[in-house]
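Enquirer: Have a look at this prediction, sequence included:
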Amino acid sequence: MSEIRVLVTGASIAGPALAHWLCRRGATVTVVEQAPGLRPGGQAVDARGVAKDVIRLMGLDAEVRAACTDTLGGHTVAADGTVLETYRADENDGDGHIAEVEVLRGDLSQVLYDATRDHAEYVFGYRIAELVQDPDGVDVTFASGERRRFDLVIGADGLHSALRSMVFGPHEEHVRHLGMVLAFFTVPNEFGLDGWAIDHNDGGRSAGLRPVPDPTRAIAMLSFPAPDFAIDHRDIAAQKRLLREQMAGFGWETERILAHLDDAPDFYLDQVAQVVLDRWHVGRVGLLGDAAFSASPMSGAGTGLALVGAYLLAGELAASRWDPATGFAGYQERMRDYVAANQEIGRMHVQMLTATGEQPAPEPDMEYFTALIERAVGGPDLPAYDGVPDSAEAAPR
Ligand SMILES: Cc1cc2nc3c(=O)[nH]c(=O)nc-3n(C[C@H](O)[C@H](O)[C@H](O)COP(=O)(O)OP(=O)(O)OC[C@H]3O[C@@H](n4cnc5c(N)ncnc54)[C@H](O)[C@@H]3O)c2cc1C
């Protein structure tokens, strides 16, 4: 079979994970990332159940575990710091609220990039300006003016995916705002955090602190209800203003946390939103990760969905001998229920956090909820793809 050239946009989690599997299956991969380098930052992201299986299949278990935050668990506290509830990371086989495999997003991105950088072509500060597909390929014009032709193009460019807008229709058609805004940034650990996360929730708002591998620092996490969200995701000054306004008077350690806002090296604020599309592919163009099926940070599953999706997308495409219609359809069929379960958990979590005395969250049916968690953590079967090329020995680990 002749060379298969795949263009992937986005080098965070989904993009490098897909590059890994595509290279192993024999494709020639180019990853373009619009940021000038690998983006640091982000809070801890979790891998549970089937996502841990994919990390093992990638041969990256040791690297990912070495990058873990080693968080022991978490405390929910009252405004005066009194502990109301405690949960441990080693509960539920390490797949609980705080997972045993918990890594800072930027650190996981670095592990995935390091494992693929010698096998895939990475181009930073680059993005697609235009693409035109025909039955045999896709002609891509980059913002730099360069033109290249690929067999397949995959958008792994996140919640605000430009590729999705270009090919699948405007952002508003596919992004569902869940009525909440979430912010993360690094602060000095002047709060005495010792391996345990702390959260304070009240009246729909929440503030929390998460330990990180560097004991002198911590990650602050703040959220508040927001029926609408109209601020551009690139307007950092407006985002900081909104955060200060909305968290004013919340009490607990919030004022001390906000005092570090202007010095934060890695401020991230975004609407809590999900992406819902009937199809994650049009012709030779497909979507992966948050671009295709964001379940929102409140699902705690964005990373798992990206990793598992990368395994299945590359596997199904290679198993179909790179026939886009068959490969993309197989990927979507295998992922569908896993995505639906995690999106449902994301919505339930938002309802729980934004519940107030007047509007309490509905009580879930425990039997249904247990089955839902099993679907969300256990995920789809991972076919071995026997007979499909796998250059694991020679190519990226
Ligand atoms: C800087 C950053 C911080 C984050 N922090 C958190 C967090 O604290 N908590 C949380 O739950 N989730 C966070 N996320 C989202 C989380 O990483 C994802 O939910 C999940 O890991 C799935 O990843 P993804 O690769 O699909 O999307 P993302 O992680 O969103 O990555 C998308 C990538 O595509 C790049 N990109 C965007 N547009 C283009 C374009 N036009 N061309 C080329 N590249 C493009 C982006 O720069 C980014 O690197 C963060 C994402 C980023 C980028």
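Expert: Thanks, I have the structure now.
Enquirer: Tell me the spatial nearest neighbour of the closest residue to the ligand within the chain, not counting adjacent residues.
Expert: As assessed by C-beta to the nearest ligand atom, the ligand sits closest to Gly289 within the chain, at 2.3 Å. No exception for glycine: its C-beta is placed from N, CA and C like everyone else's. Spatial nearest neighbour of Gly289, excluding adjacent residues (C-beta to C-beta, 6 or more residues apart in numbering): Ala14 at 2.8 Å.
Enquirer: Mind pulling up the pLDDT for that neighbour?
Expert: For Ala14, the model assigns a pLDDT of 98.
Enquirer: about what we covered before: please report phi then psi for the residue of the chain closest to the ligand.
Expert: phi 70, psi -150 (degrees, to the nearest 10).
Enquirer: burial count for it?
Expert: For Gly289, the count of nearby residues is 30 (other C-beta atoms under 10 Å).
Enquirer: Assign the nearest residue to Val83 once chain neighbours are set aside to helix, strand or coil.
Expert: Distance criterion C-beta to C-beta, 6+ apart; nearest residue to Val83, sequence neighbours excluded, is His75 at 4.8 Å. Reduced to three states with DSSP: H, G, I helix; E, B strand; the rest coil, the structure at His75 is strand.
Enquirer: ranges for the strands of the stretch 251-397 of the chain?
Expert: 268-275, 281-282, 285-287 (DSSP state E, counting those that start in this stretch).
Enquirer: Pick the most deeply packed of the ones you listed.
Expert: Across the strands of the stretch 251-397 of the chain, averaging neighbours per residue (mean count of other C-beta atoms under 10 Å) puts strand 285-287 on top, at a mean of 27.
Enquirer: Packing partners of it?
Expert: strand 152-155, helix 162-168, helix 324-354 (3 or more C-beta pairs under 8 Å, 6 or more residues apart in numbering; DSSP states H and E).
Enquirer: what would those look like in JSON lines with distance to the ligand, mean pLDDT and mean neighbour count?
Expert: What follows is those, written out as JSON lines (distance: least, C-beta to the nearest ligand atom, whole Å; pLDDT from 0 to 100; neighbours: other C-beta atoms under 10 Å):
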{"stretch": "strand 152-155", "distance to the ligand": "8", "mean pLDDT": "98", "mean neighbour count": "28"}
{"stretch": "helix 162-168", "distance to the ligand": "4", "mean pLDDT": "98", "mean neighbour count": "20"}
{"stretch": "helix 324-354", "distance to the ligand": "10", "mean pLDDT": "95", "mean neighbour count": "20"}
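Enquirer: which ones are touching the residue of the chain closest to the ligand?
Expert: Applying C-beta atoms under 8 Å, 6 or more residues apart in numbering to Gly289 gives the contacts 10, 12-15, 156, 158, 302, 305-306, 309-310.
Enquirer: Try it again at 6 Å.
Expert: Gly289 makes contact with 14, 156, 306, according to C-beta atoms under 6 Å, 6 or more residues apart in numbering.
Enquirer: Adding distance to the ligand, write the residues you listed out as a markdown table.
Expert: As requested, those are exported to a markdown table (distance: C-beta to the nearest ligand atom, whole Å):
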| residue | distance to the ligand |
| --- | --- |
| Ala14 | 4 |
| Ala156 | 5 |
| Ala306 | 4 |
